[in-house]
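> this one's structure only:
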């Protein structure tokens, strides 16, 4: 009781009335300011903020004209091979020679292209209609590459033309050079069967890989060009890899879909 009376007497003393009252410690005031700013920012973002969902899908870098499989028009034994993998061939260029029952016949390229693979070798026997080579339809290796992305059919309708695309290239270390930039150029209206993909890419294994979850829709991505690096394209970490990109290189695409509003609630 005496202690209480002493405390009251001390507070009632005239010299104590001029002492300012501390409402909060500096540390507590800083925490309060940060909390208020955070709540205000969250309120604004919840009202007008948006997020950009992404659609991830496999793809491949290639030329826009695709590839084709060259088939032998005759049956017989291969006696000569003129083409080499990686070489460009003009239209009607000789690919191989076949000895038939009626004489020797030359199998020629039906269109200009780069030889991706040769299925026939000297001494092998071919039948009419057998695949003997796969050629990529390109006239000039300096032609720009495109990315063909095989998106799930039930989600491809949400991909708009012009959407931004980030491409993780299999042969390029992402941590060092980043991702390849591009934009959606076109979206197919109908899904592609495994046979159609094989006919365009000239590779049955790739077609099986891209269609393992059902017929996909092809999304054509135009790559952003740049003179900053040797690849000739724009990367998230300029200047990108110190080498040129080759066709038939596998990629993983992240397509940015239209913005969505993240929440439908209001702060109390």
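Nice, I can see it. Everything numeric in this text was worked out from a predicted model, so none of it was measured. Numbers count the residues shown, from 1 in each chain.
> quick check: beta-bridge partners of residue 150?
Beta bridges link residue 150 to residue 218, judged by DSSP bridges.
> pretty sure it contacts residue 196?
No: with the criterion set as CB atoms under 8 Å, residue 150 and residue 196 do not qualify as a contacting pair; they are 11.2 Å apart. Bear in mind the C-beta positions are built from the backbone N, C-alpha and C, glycine included.
> neighbour count winner among these two?
The neighbour count for residue 150 versus residue 196, taken as other CB atoms under 10 Å, is higher for residue 150 (26 against 16).
> residue 194 versus that one, what's the distance?
With distances defined as CB to CB, to the nearest Å, the gap from residue 150 to residue 194 amounts to 11 Å.
> same deal with residue 207?
In this view, residue 207 and residue 194 are 5 Å apart by CB to CB.
> ok, these two, which is more surrounded?
Higher neighbour count among residue 207 and residue 194: residue 207, with 21 against 18, using other CB under 10 Å.
> that's a helix at that one, yeah?
Yes: following the definition DSSP: H, G, I helix; E, B strand; the rest coil, residue 207 is counted among the residues of a helix.
> I figured it hits residue 218, correct?
No: look at residue 207 against residue 218 with CB under 8 Å: they stay out of range, at 11.6 Å.
> before we move on, back to that, hey, what's in contact with both of residue 150 and residue 194?
Taking CB atoms under 8 Å, 6 or more residues apart in numbering as the contact rule, the neighbours common to residue 150 and residue 194 are residue 211.
> how far out from the middle of the chain is stretch 188-201?
Between the centre of stretch 188-201 and the centre of its chain there are 18 Å (CA atoms, centre = their mean, to the nearest Å).
> same check, this time on stretch 67-76
With CA atoms, centre = their mean as the basis, the distance from the averaged C-alpha position of stretch 67-76 to the chain average is 33 Å.
> tell me the backbone dihedrals of residue 67, please.
phi -130, psi 170 (degrees, to the nearest 10).
> please apply the same query to the one 4 residues further on.
In terms of degrees, to the nearest 10, the main-chain angles of residue 71 are phi -110, psi 150.
> so who does it touch?
129-132.
> what is the nearest of these to residue 161?
The shortest distance between residue 161 and any of the contacts of residue 71, using CB to CB, involves residue 131 and amounts to 35.0 Å.
> any idea how far the closest one is from residue 160?
Plainly put, residue 131 is 38 Å away from residue 160 if you go by CB to CB.
> now residue 80
In this structure, residue 80 and residue 160 are 52 Å apart, going by CB to CB.
> can you give me the strands in the stretch 101-250 of the chain?
In order along the chain, the stretch 101-250 of the chain carries the following strands (DSSP state E, counting those that start in this stretch): 103-108, 113-118, 125-126, 131-136, 146-151, 164-169, 180-187, 217-223, 249-256.
> now the fifth one against strand 249-256, angle please.
Counting by axes from the mean of the first three to the mean of the last three CA atoms, to 10 degrees, strand 146-151 lies at 70 degrees to strand 249-256.
> counting by contacts, list what strand 146-151 packs against.
When contacts are defined as 3 or more CB pairs under 8 Å, 6 or more residues apart in numbering; DSSP states H and E, strand 146-151 packs onto strand 54-62, strand 164-169, strand 180-187, strand 217-223, strand 249-256.
> and those strands as JSON lines, adding mean pLDDT, distance to residue 142 and mean neighbour count?
Shown next, in JSON lines, are the helices and strands packed on strand 146-151 (pLDDT from 0 to 100; distance: least, CB to CB, whole Å; neighbours: other CB atoms under 10 Å):
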{"stretch": "strand 54-62", "mean pLDDT": "94", "distance to residue 142": "15", "mean neighbour count": "20"}
{"stretch": "strand 164-169", "mean pLDDT": "96", "distance to residue 142": "19", "mean neighbour count": "21"}
{"stretch": "strand 180-187", "mean pLDDT": "96", "distance to residue 142": "18", "mean neighbour count": "20"}
{"stretch": "strand 217-223", "mean pLDDT": "96", "distance to residue 142": "14", "mean neighbour count": "21"}
{"stretch": "strand 249-256", "mean pLDDT": "95", "distance to residue 142": "16", "mean neighbour count": "20"}
